[in-house]
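**Student:** Show me how the following folds:
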Amino acid sequence: MQPPPHVDHGRLILGELLGEGAQAAVHAATRDGSPRAVKIVDEDQASLRFVGEVAALRAVPSPHLVKVYAAGSDAGWQWMEMELLTGRTLDGAVRIDGPFDVPMGLAVAFELCMGLAALHDRGIVHRDVKPSNAFLSNACRVGANGVPSPGPAGGRVVLADLGVAQLPAGQVGYSTITGTSLGTVDYAAPEQHGDAKRVGPAADQYGVGATLYAITAGTRPSYLYARDEMPHIYERCPAPLRELVARCCAHEPTARFADVRALAAALAALHEAETGAPCVERWMAALDATTPRPAWCVRQWWSFRRWLR
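**Tutor:** Got it, this is the predicted structure:
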């Protein structure tokens with residue numbers, strides 16, 4: 001079914017098709033002459049997950065997450081108006097320019113953690129972190145306060161597509177069915193293959209580790225959790241990254257880092273060790289400036305609501 005030429009009662013004009021998946025398509029668009037991107041899906045194929053994606057992106061003001069301006073339904077279509085990102089997805093950048101070197105790969109992974117920390121602080125688990133869902137923007141990202149992101153990759157990494165995100169109970173009216181598998185095979189944590197309903201933030205660490213492997217090795221990160229049985233899997237991973245990637249992608253969630261901030265600190269420490277340039281304090285200050293951590297009681301509340309799912 002062909003999408004309409006415009007939505008929102010003619011105020012949002014759709015243009016070039018930028019990409020499409022099994023259900024939704026993303027088009028370039030304009031509103032009052034301003035460039036936009038619109039994610040659109042036939043209401044017959046839409047689900048409450050589309051509503052959940054809108055809710056998640058609106059709830060978390062981070063420069064490392066794609067901005068949502070508006071959403072609604074029109075003439076049998078659900079739509080979401082987003083910023084139009086300029087740049088390349090991480091997998092597109094690797095295809096065109098080749099694999100990232102180790103320092104740049106670590107900087108990119110750190111900025112992914114900056115976006116994920118904002119989600120996890122609000123009880124949201126992305127569940128589909130991968131190179132095609134992350135952009136390397138042409139310009140430094142600017143936060144809700146108007147201040148540019150001080151991220152180590154130039155503040156340019158943007159995490160998108162929360163279509164399968166796990167939201168806290170009560171935020172939207174859907175729940176993942178027990179036993180359901182979600183995510184992309186090479187980037188999904190092993191516990192996500194068995195039962196995506198009960199995965200926690202550690203599942204997103206697996207996605208970061210697999211993404212770091214993919215963008216620096218230039219190959220698919222298959223079965224990274226099976227290192228003990230198949231050690232050859234890590235032969236193409238740059239040697240300095242192997243132990244960190246292996247910990248991110250450990251089979252058991254408890255064997256990974258304590259949280260995504262601890263992973264970010266490990267990424268910074270490894271960058272410092274590889275380059276000889278002190279950066280841990282500066283990088284962690286950048287994370288704190290972009291994503292101030294809520295009080296302990298607030299984090300516990302969001303965690304409780306997530307597990308009610």
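**Student:** mind checking which helix or strand Met80 is in?
**Tutor:** Element membership for Met80 (DSSP states H and E) is strand 77-82.
**Student:** Show me what that strand is packed against.
**Tutor:** strand 34-42, helix 48-59, strand 68-74 (3 or more CB pairs under 8 Å, 6 or more residues apart in numbering; DSSP states H and E). To be clear about C-beta, it is placed using only N, CA and C from the backbone, and glycine gets the same treatment.
**Student:** Show me which residues of the shortest one are buried.
**Tutor:** Yep, that's strand 68-74 we're talking about. Within strand 68-74, the residues that count as buried by 16 or more other CB atoms under 10 Å are 68, 70-71, 74.
**Student:** re earlier: which other residues reach the strand holding Met80?
**Tutor:** Contacts with strand 77-82, where a contact means CB atoms under 8 Å, 6 or more residues apart in numbering, come from 3-4, 7-8, 12, 29, 31, 36-43, 46, 50-51, 53-54, 57, 66-73.
**Student:** how many neighbours does Gly115 have?
**Tutor:** For Gly115, the count of nearby residues is 29 (other CB atoms under 10 Å).
**Student:** okay, now the nearest residue to it once chain neighbours are set aside: neighbour count?
**Tutor:** Nearest non-adjacent residue to Gly115, counting by CB to CB, 6 or more residues apart in numbering: His64, 3.3 Å away. A count of neighbours around His64, defined by other CB under 10 Å, yields 30.
**Student:** pLDDT score assigned to His64?
**Tutor:** With respect to pLDDT, His64 has a value of 96.
**Student:** shouldn't it be in contact with Cys140?
**Tutor:** No. Counting by CB atoms under 8 Å, Cys140 is not a contact partner of His64; they are 11.2 Å apart.
**Student:** shared neighbours of the two, anything?
**Tutor:** Ser149.
**Student:** next one: phi and psi at Asp14?
**Tutor:** For the record, residue 14 is Leu, not Asp. Dihedral pair for Leu14: phi -80, psi 150, per degrees, to the nearest 10.
**Student:** Show me the beta-bridge partners of it.
**Tutor:** Beta-bridge pairing of Leu14 under DSSP bridges involves Ala29.
**Student:** gap between it and Pro4?
**Tutor:** Using CB to CB, to the nearest Å, Leu14 is found at 7 Å from Pro4.
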